[in-house]
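With the sequence up front, the predicted model follows.
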Amino acid sequence: MKKKVCKQCKIVVSGDKCPICSGTDFSTNFQGRIYIIDSAKSEVAKKLNLGAKGEYAIKVK
């Protein structure tokens, strides 16, 4: 099964609804992945404005 990414918040999702923004607009065409474990302590999460832990795509097409 191909992974899909929410186009709005760039989180990798497995269901039909985004857990962060409740959106339904997804893409299977993305580049790079980043895993955020603790968004409060992560400098990368702060720089990319990611507020929740999870797997994110770096670039979504």
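Looks like it arrived, so ask away. Residues are numbered from 1 along each chain as shown.

CA atoms for contacts and neighbours, from now on please.
Noted.

Phi, psi for the residue nearest the centre of the chain please.
A centroid search over the chain (CA atoms, centre = their mean) returns residue 11, at 1.5 Å, as the residue closest to the centre. In terms of degrees, to the nearest 10, the main-chain angles of residue 11 are phi -90, psi 140.

partner residues bridging the residue nearest to it when sequence neighbours are not counted?
In space, and not counting its chain neighbours, residue 11 is closest to residue 56: 4.3 Å by CA to CA, 6 or more residues apart in numbering. Note on residue 56: beta-bridge partners by DSSP bridges are residue 11, residue 34.

any idea of the pLDDT on residue 56?
Looking at residue 56, its pLDDT is 96.

ok, it - contacts?
Residue 56 makes contact with 5, 10, 11, 12, 33, 34, 35, 36, according to CA atoms under 8 Å, 6 or more residues apart in numbering.

Try it again at 6 Å.
10, 11, 12, 33, 34 (CA atoms under 6 Å, 6 or more residues apart in numbering).

Pick the one among those closest to residue 1.
Closest to residue 1 out of these is residue 12 (12.7 Å), distances taken as CA to CA.

nearest spatial neighbour of the closest one, skipping sequence neighbours?
residue 5 (4.4 Å).

What count of nearby residues applies to that neighbour?
A count of nearby residues for residue 5, using other CA atoms under 10 Å, gives 26.
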